[in-house]
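Colleague: no sequence on hand, only this structure:
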């Protein structure tokens, strides 16, 4: 029997190797409308006080608190967006809207619901706490000049993007999205939508991996299907390294006569591991290659995934996704983990730890995991609708219903009771 020259590494060892070889991309300047989900590369400090002027926080009347609840004559109005030439003296008031600058002389704002207006006069309702500062947002009340408002390493969500916009920033200092090139290998593969010939199948891996790359935060690059021919494979690999910052392939990494990719990676660069002790996905290969011989760029990480659809997707989620997230600048790069109760028996594998596709539900206050059915690595149906990957240790026999094991979450859909 043909033997692999690569020692078997554990999942933990493989992840440590990848983390050592992959670094965050250099910082760039990204437009706010394109920065959702990106990570700040440096701290952001406020250039000025917010608000820059005392402003009303309600619709009402700007006046002097010292005049108490006596009637005031309305001398004008101050709306948001400009500064009216008004000064509030004793016995006077100005109509004001939310966000509008406070007129000179005024030191309080009474809500319109707490005052009566008639024939050019306004009278505050008696008994309210009419004090200096009422209804006013002071200069710097929200943010003070020089204050750190966002920290390096923070992911940009809707609130963070709004914060940057409030500071007048149209761009953000972020780690940009890595270009993730994906190609499939195999003479048997055909593009979906085209007729199948004898012995051919549709390429499901590439569409799935491109979508997974986008979901992880990468910029997917479709590099097509490459036939199992040495010349074509070398041309494709060279072109891919020139365009992609991280390369993902599927197929060509097992021990068959036409599994040509792994030897090519070994000739062109460094194969850091060629087998992982896991089920599914044992033939997973990770290498680093220079974009070209004279390149001064860091070596490109290359993930050669198994050709079976489920193995391809599972290894992407466990190994490629963390690499993409690390390049984006995230510090927590793995899949979220929850503890789940087994809803039925699960058989352990005596040779390898298994990442079993499961659905999750909330039952009687517990998170319950159930298998998606046959776990054959060719059966993509076992991954459709899966909530997560149940982590089963290597071992003999059955795990009973009611036992607890960790599940790596594949989506952020909340569980329903």
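Modeller: Sure, I can see it. Values in this document were obtained by computation on a predicted structure and should not be read as measured data.
Colleague: show residues contacting the helix or strand containing residue 95.
Modeller: Using DSSP states H and E, residue 95 maps to strand 92-96. With CB atoms under 8 Å, 6 or more residues apart in numbering as the test, strand 92-96 has contacts from 56, 59-64, 72-79, 84, 86, 88, 102-103, 105-106, 109, 122. Glycine gets a C-beta too; all of them are placed from N, C-alpha and C.
Colleague: tell me where the stretch 151-300 of the chain has strands.
Modeller: Counting by DSSP state E, counting those that start in this stretch, the stretch 151-300 of the chain has strands at residues 171-175, 179-185, 189-190, 201-202, 219-226, 246-250, 270-273, 285-289, 300-305.
Colleague: by contact count, what packs against the longest one?
Modeller: What that stands for is strand 219-226. Strand 219-226 is packed against strand 179-185, helix 205-215, helix 230-243, with contacts defined by 3 or more CB pairs under 8 Å, 6 or more residues apart in numbering; DSSP states H and E.
Colleague: what about residue 130, which SS state?
Modeller: Classification of residue 130 by DSSP: H, G, I helix; E, B strand; the rest coil places it in coil.
Colleague: list the contacts of the closest residue to it other than its chain neighbours.
Modeller: Closest residue in space to residue 130, ignoring its immediate chain neighbours: residue 65 at 5.2 Å, by CB to CB, 6 or more residues apart in numbering. Applying CB under 8 Å, 6+ apart to residue 65 gives the contacts 107, 108, 130, 131, 132, 134.
Colleague: residues in contact with the first one?
Modeller: Residues in contact with residue 107 (CB under 8 Å, 6+ apart) are 64, 65, 132, 133, 136.
Colleague: pLDDT score for it?
Modeller: Residue 107 carries a pLDDT score of 98 in this model.
Colleague: for the fifth one, same thing?
Modeller: Taken from the predicted model, the pLDDT recorded for residue 132 is 97.
Colleague: so it versus residue 54, what's the distance?
Modeller: Per CB to CB, to the nearest Å, residue 132 is found 11 Å from residue 54.
Colleague: more crowded one of those two?
Modeller: Each of residue 132 and residue 54 has its neighbours counted (other CB atoms under 10 Å); residue 54 has more, 18 against 10.
Colleague: give the contact list for the nearest residue to the more buried one once chain neighbours are set aside.
Modeller: Excluding its sequence neighbours, the residue lying closest to residue 54 (CB to CB, 6+ apart) is residue 102, at 4.3 Å. Taking CB under 8 Å, 6+ apart, we find residue 102 in contact with 53, 54, 55, 56, 62, 78, 96, 109, 136.
Colleague: one more time with 7 Å
Modeller: 54, 55, 56, 62, 136 (CB atoms under 7 Å, 6 or more residues apart in numbering).
Colleague: count of neighbours near the closest residue to residue 288 other than its chain neighbours?
Modeller: Excluding the flanking residues, the one nearest residue 288 by CB to CB, 6+ apart is residue 299, at 3.8 Å. Residue 299 is flanked by 16 other residues according to other CB under 10 Å.
Colleague: now the phi/psi pair for residue 299, please.
Modeller: phi -60, psi 140 (degrees, to the nearest 10).
Colleague: how close does it get to residue 380?
Modeller: Residue 299 is 32 Å from residue 380, by CB to CB.
Colleague: over to residue 281?
Modeller: The gap separating residue 281 from residue 380 is 14 Å, by CB to CB.
Colleague: out of the two, which sits in the busier spot?
Modeller: More neighbours surround residue 281 than the other of residue 281 and residue 380, with 26 against 16 (other CB under 10 Å).
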